[in-house]
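> Pasting the sequence and the predicted model now:
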Amino acid sequence: TAMKDHVQFNFDMFDDEDCVEKNPARGASPMKLRLLHRSPPVLAIDNFFTDEECDEYVGLSSQDDTSGDGALKVDSKTFSMSLATRTSTTWFLTYRQVPTLLAKASHLLADLPIDRVEEPQLVRYKTGEQFTYHYDSLPNEELDRNGGQRVATLLVYLRTIEEGRGGATEFRDLRDGSGNTLSMRPTKGSALLFFP
């Protein structure tokens, strides 16, 4: 019920008891949902991508685009009014480059139409790089130019970051069941779905 105020979610693809995907793709481990926070809802999705899919998407960052049809690499910056600091590198991808991501995200979000999906991005953080605390919702001044407010953010982790090596997605204002800052460490193939 926590999801109904945010976006349509395809719960039918998961069994009711342990939230495991009913009919995974051939050869793939079933996705598994884990509720990390109830309100606002924050969901972890184990096995969203296979190892092979992760490797394919990492490869998009190494393609040299001379045709103008591939990924556009930029040093990441936030919108002009943001107080956040971002030191990562971002590749803006075309829809054509990420069919697996779009198909899985669309199915998960109850067949969300492609015209409601922002341009996909691939972000790389090297050691010491970061995106400081920020909001994924857009300021009112940016809404018209960007096609409206974000209703959901889906992050897919393409590599595992080992414990003690830094790197996590943290929600500064949310607490986990132990009262600690809610966070998720990247595990290859897992995804994080939340609602700004």
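Nice, I can see it.
> Could you list the paired strands of whichever strand or helix holds Thr90 along with their orientation?
Assigned by DSSP states H and E, Thr90 belongs to strand 89-92. Strand 89-92 sits in its sheet next to strand 72-75 (antiparallel), strand 121-124 (antiparallel), going by DSSP bridges.
> which stretch in those strands is the model least sure about?
Here the strands paired with strand 89-92 differ in mean pLDDT, and the lowest is strand 72-75 at a mean of 58.
> Where does the residue most central in space within the chain sit: helix, strand or coil?
Centre of the chain computed as the mean C-alpha position; nearest residue by Cα atoms, centre = their mean is Leu155, 1.2 Å away. The three-state assignment at Leu155 reads strand, by DSSP: H, G, I helix; E, B strand; the rest coil.
> Nearest residue to it in space, please, no chain neighbours.
Spatially, and ignoring its direct neighbours in sequence, Leu155 is nearest to Leu192 (4.5 Å; Cβ to Cβ, 6 or more residues apart in numbering). C-beta coordinates here come from the backbone N, C-alpha and C atoms, glycine included.
> can I assume that neighbour sits in a strand?
Yes. According to three-state DSSP, the state of Leu192 is that of a strand.
> any idea how far the strand holding Thr90 is from the chain center?
14 Å (Cα atoms, centre = their mean, to the nearest Å).
> ok, then the element right after it?
Using DSSP H and E, the helix or strand that follows strand 89-92 in sequence is helix 99-108.
> Could you check how many residues crowd around Leu174?
Close neighbours of Leu174, defined as other Cβ atoms under 10 Å, add up to 17.
> So, low pLDDT: which residues of the chain?
Along the chain, the model assigns pLDDT under 70 to residues 1-7, 63-86, 129-150.
> Tell me, how many residues neighbour Glu21?
Other residues lying near Glu21 total 20 when counted by other Cβ under 10 Å.
> Next: Val151.
Other residues within reach of Val151, judged by other Cβ under 10 Å, total 14.
> same deal with Glu118?
What Glu118 shows, counting by other Cβ under 10 Å, is a neighbour count of 10.
> For it, give me phi and psi.
phi -70, psi 160 (degrees, to the nearest 10).
> That one and Leu192, how far apart?
Separation of Glu118 from Leu192 (Cβ to Cβ, to the nearest Å) stands at 16 Å.
> Likewise for Ala28?
From Ala28 to Leu192 the distance is 19 Å (Cβ to Cβ).
> Among those two, which residue is more densely surrounded?
Set side by side, Ala28 and Leu192 show more neighbours around Leu192, with 19 against 15, by other Cβ under 10 Å.
> and that one, what does it touch?
For Leu192, the contacting residues are Val42, Leu43, Ala44, Ile45, Thr153, Leu154, Leu155, Tyr157, Thr169, Met184, by Cβ atoms under 8 Å, 6 or more residues apart in numbering.
> If anything else comes up later, I'll come back, but that's it for now.
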